[in-house]
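Peer 1: Give me a model of this one.
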Amino acid sequence: MRGICLDEECAVYELPEKIKEKNKSIEFTILDNKYKKSLENIYQTIKNDVSKDNIKLLYSNIPNTKVREEYIKGLIFSIISNNTIAEYNVKKNCIYLYTSRYSGSSLTHEVLHSLSSYYDEDRNIFYNGFSQTTNNYSLGEALNEGYTEYQNIEMFKVKGNETSYVYEIIIIKLLEKIISKKYMKDMYFHADLYNLIRTLNNFTNITNIKNFIYRTDYILNYRKSIFKSEKATDALLAINHFLIDTYSNYLLYLYNNGEINTYELDYLYLLFITELRQMLDIKLPINKDLLNRNISANAWVHSERIRRKL
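Peer 2: Numbers count the residues shown, from 1 in each chain. Have a look, this model is predicted:
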């Protein structure tokens, strides 16, 4: 099984071959009685939206997925300021709903998690879309939650202004411009953080990718904490640099391979900067003037770097 070493304590692995070789038919046999109809409708929507080749690898979860309502536990979460309203346990193949208020959108979100997750008992590795967890580390939670909610909005028309993953979705949409929408979806439903990193590695180094993923996870976990605001600001600015730097390298790659000309390169670069600025016009733990100055400075530096390499 191939892996990518990010540092001395963290490595990201591809799925075991025995899972990659599975080829299950797409048939729905739902055991959960109360949520049977809801699950059937959700699976049908996903089946119509996603290529069969994308979901066949992890489709063994479907017949045995259970849904449990644990509203008392959810009440405890709300008291201790834990914003968890639902979660999926890949080991138990069970979706837990902690509040009835968002049960519809929460259920679809967690089903997407279930179809993009796998637990490797032999190595004790949890593969969850764009995240991986072992005894030693957890990596990619922000990318995974962002992409899951992004698909939730696209497939099930969940209102985007009601999600708590607005920033993470922005990051995903910008990564799609480098990796492509189709390939991102392929990798997500194969729980393939490994190839997401390998693809980004074509346009930046592993250390940059590692820091980018760590920082997005940090913002997901601490952006609402007033005690972490300075570090969150530093992380947001560094993420902007990573995105602009990696996208400019991607454009240079396209140019050097004859896929775009200088006019198209300039246009795509300016469009990316404009979209980054517009997308980040949301509530974030950072001074807006500082954010805009950071984007402008990065845009100028990388524009000059591009011109020197043409």
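Peer 1: which residues in the stretch 51-200 of the chain form helices?
Peer 2: Assigned by DSSP state H, counting those that start in this stretch, the helices in the stretch 51-200 of the chain fall at 52-55, 71-79, 103-114, 141-156, 166-179, 181-189, 193-200.
Peer 1: quick one: which of those helices is nearest V90?
Peer 2: Closest approach to V90 among those (Cβ to Cβ): helix 103-114, 7.6 Å. Every C-beta, even on glycine, is put in place using the N, C-alpha and C of the backbone.
Peer 1: Residue ranges in the stretch 51-200 of the chain under the pLDDT threshold?
Peer 2: Low-confidence segments of the stretch 51-200 of the chain (pLDDT under 70): 52-63, 81-82, 160-161.
Peer 1: after the longest helix along the chain, next one along is what?
Peer 2: The single longest helix within the chain, with elements called by DSSP state H, is helix 229-256. For helix 229-256, the following helix or strand on the C-terminal side (DSSP states H and E) is helix 262-279.
Peer 1: tilt between that next one and helix 166-179?
Peer 2: Helix 262-279 runs at 170 degrees relative to helix 166-179, counting by axes from the mean of the first three to the mean of the last three Cα atoms, to 10 degrees.
Peer 1: what angle sits between helix 262-279 and helix 229-256?
Peer 2: Helix 262-279 runs at 160 degrees relative to helix 229-256, counting by the same axes, to 10 degrees.
Peer 1: buried ones in helix 262-279?
Peer 2: L265, D266, L268, Y269, F272, I273, L276 (16 or more other Cβ atoms under 10 Å).
Peer 1: thinking in terms of the whole chain, how far from its middle is stretch 101-110?
Peer 2: Remark: stretch 101-110 is offset 18 Å from the chain centroid, using Cα atoms, centre = their mean, to the nearest Å.
Peer 1: ok, so of the buried residues of helix 262-279, who is nearest Y137?
Peer 2: L276 (28.9 Å).
Peer 1: Spit out the contact partners of the closest one.
Peer 2: Residues counted as contacts of L276 (Cβ atoms under 8 Å, 6 or more residues apart in numbering) are L174, N240, L243, I244, I295.
Peer 1: Alright, I will stop here.
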